[in-house]
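Visitor: Got a sequence here, can you build the structure:
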Amino acid sequence: GLPSKLGGVSSALKGVASAAAAAFSVKAVLNFGKAALDIGSQVAEVQNVVDTAFGDMAYKAESFADTAIEQFGMSALSAKKTASTYMSMARGMGLDEEAASDMAVSLAGLTGDVASFYNISQELADTKLKSVFTGETETLKDLGVVMTQANLKAYAMSQGITKSLDAMSQAELVALRYGYVTQSLSLAQGDFAKTSGSWANQTRILSEYWKEFLSIVGQGLIQVLSPLLQMLNQILDEVVELARGLPPAAAACAALFIATHSLHGISWFICPRKSFLSVFTSANSSVKNDMLICLSMSLLYHKSKRLC
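Guide: Numbers count the residues shown, from 1 in each chain. The predicted structure is shown next:
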């Protein structure tokens, strides 16, 4: 009758809804895993840059990054990345390690204040403040800073500097621009901390805290997945070496055998009816990340089944 048919339709719809929810859940987990791995990888790379660029002054970058979210609305990753770039540029311009590190940390913090004061992104503020090193003037005009030669000369005179701009070294010019720009942006300094309770800055803090969380999860995933990735690379290395030593026809047969037998159980979980290895080798980096996450989940699941 009609009630039974409606009941069947209702059950079918519930089944479709459950399947859709499961699909979206898996997609959400994969997207979260990819984002975490990406940021976790960036953290490791940026830390290497910090250690290399700052050298003995690395403690300054670490101290700055520890409070960067509360003081400037920047995650530790953003803080270290920005400060390291400035440090490299300052050292490249001839500033000594002490002066360069102080300037790098100060400018990195200023990018957060400028972003808050002018309601722009921290990345855009970073681009504009690189003018301290490059000498470009156009990028600073939106911030009300007109860094013409005439204004730099006037600023130098106000600071008791009598040396002409043409006679200055690169390091001296950078120091002069730095002083002029920071003086010109004095109204913006400390703005993020003063207005941290505003909606815009609270959303910025939330976003940066989320990055912090992803970086912690990502570094954990990297530690778990790195041995697995090394194992897969070893397997593929052996397969490649084997294939190179075989005639074309034999290599094709070997590839067909691997495609139908290698890691069949795991490949069925990740990509039904396709070999894990064959798909993995042809996939782009984004898909490989998905496959590694799925593989680790599959292995953990089967291991937990055995333990239970």
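Visitor: Flag the shaky bits of the stretch 101-250 of the chain, pLDDT-wise.
Guide: Low-confidence segments of the stretch 101-250 of the chain (pLDDT under 70): 239, 242-243, 245-250.
Visitor: which residues in it form strands?
Guide: Under the criterion DSSP state E, counting those that start in this stretch, the stretch 101-250 of the chain carries no strands.
Visitor: Please, where are all the helices along it?
Guide: Under the criterion DSSP state H, counting those that start in this stretch, helices of the stretch 101-250 of the chain are mapped to 122-129, 131-134, 138-141, 149-158, 170-184, 191-194, 199-244, 248-261.
Visitor: Adding mean neighbour count and distance to Ala99, write those helices out as CSV.
Guide: (C-beta placed from N, C-alpha, C; glycine too.) Shown next, in CSV, are the helices of the stretch 101-250 of the chain (neighbours: other Cβ atoms under 10 Å; distance: least, Cβ to Cβ, whole Å):
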stretch, mean neighbour count, distance to Ala99
helix 122-129, 20, 17
helix 131-134, 20, 13
helix 138-141, 14, 22
helix 149-158, 14, 17
helix 170-184, 19, 7
helix 191-194, 20, 25
helix 199-244, 14, 28
helix 248-261, 13, 59
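Visitor: Tell me which of these sits nearest to Asn48.
Guide: Among the helices of the stretch 101-250 of the chain, the nearest to Asn48 by Cβ to Cβ is helix 199-244 (13.5 Å).
Visitor: on contacts alone, who are the packing partners of the closest one?
Guide: helix 2-54, helix 68-72, helix 76-92, helix 97-118, helix 248-261, helix 276-282, helix 285-307 (3 or more Cβ pairs under 8 Å, 6 or more residues apart in numbering; DSSP states H and E).
Visitor: For the ones you listed, which has the smallest mean pLDDT value?
Guide: Among the helices and strands packed on helix 199-244, helix 285-307 carries the lowest mean pLDDT, at a mean of 52.
Visitor: Tell me the spacing between Leu228 and Ile39.
Guide: 20 Å (Cβ to Cβ, to the nearest Å).
Visitor: can you check Lys130 too?
Guide: From Lys130 to Ile39 the distance is 23 Å (Cβ to Cβ).
Visitor: more crowded one of those two?
Guide: Counting neighbours by other Cβ atoms under 10 Å for Lys130 and for Ile39 shows that Ile39 has the greater number, 21 against 18.
Visitor: Correct me if wrong: that one contacts Lys211.
Guide: Yes. Counting by Cβ atoms under 8 Å, Ile39 touches Lys211, with 6.1 Å between them.
Visitor: Mutual contacts of those two, please.
Guide: Both Ile39 and Lys211 are contacted by Leu77, under the criterion Cβ atoms under 8 Å, 6 or more residues apart in numbering.
Visitor: Adding distance to Lys60 as columns, could you present the helices of the stretch 101-250 of the chain in a markdown table?
Guide: Formatted as a markdown table, those follow (distance: least, Cβ to Cβ, whole Å):
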| stretch | distance to Lys60 |
| --- | --- |
| helix 122-129 | 18 |
| helix 131-134 | 18 |
| helix 138-141 | 25 |
| helix 149-158 | 26 |
| helix 170-184 | 16 |
| helix 191-194 | 19 |
| helix 199-244 | 20 |
| helix 248-261 | 52 |
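Visitor: Specify the stretch among these that is closest to Ala58.
Guide: Among the helices of the stretch 101-250 of the chain, helix 199-244 sits nearest to Ala58 (Cβ to Cβ), with 18.1 Å.
Visitor: can you state the direction angle for that closest one and helix 97-118?
Guide: Interaxial angle of helix 199-244 relative to helix 97-118 (axes from the mean of the first three to the mean of the last three Cα atoms, to 10 degrees): 120 degrees.
Visitor: just the angle between helix 199-244 and helix 76-92, please?
Guide: 80 degrees.
Visitor: now the angle between helix 122-129 and helix 199-244, please.
Guide: 90 degrees.
Visitor: which residues are in contact with stretch 45-52?
Guide: With Cβ under 8 Å, 6+ apart, stretch 45-52 has contacts from 58, 61-62, 77, 80-81, 83-84, 88.
Visitor: now those residues in a markdown table, with neighbour count and distance to Lys194?
Guide: Shown next, in a markdown table, are the contacts of stretch 45-52 (neighbours: other Cβ atoms under 10 Å; distance: Cβ to Cβ, whole Å):
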| residue | neighbour count | distance to Lys194 |
| --- | --- | --- |
| Ala58 | 18 | 29 |
| Ala61 | 28 | 24 |
| Glu62 | 17 | 25 |
| Leu77 | 22 | 24 |
| Lys80 | 26 | 24 |
| Lys81 | 22 | 25 |
| Ala83 | 31 | 22 |
| Ser84 | 23 | 27 |
| Ser88 | 17 | 30 |
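Visitor: Now flag whichever of those is closest to Phe117.
Guide: Closest to Phe117, out of all of the contacts of stretch 45-52 and judged by Cβ to Cβ, is Ala83, at 19.4 Å.
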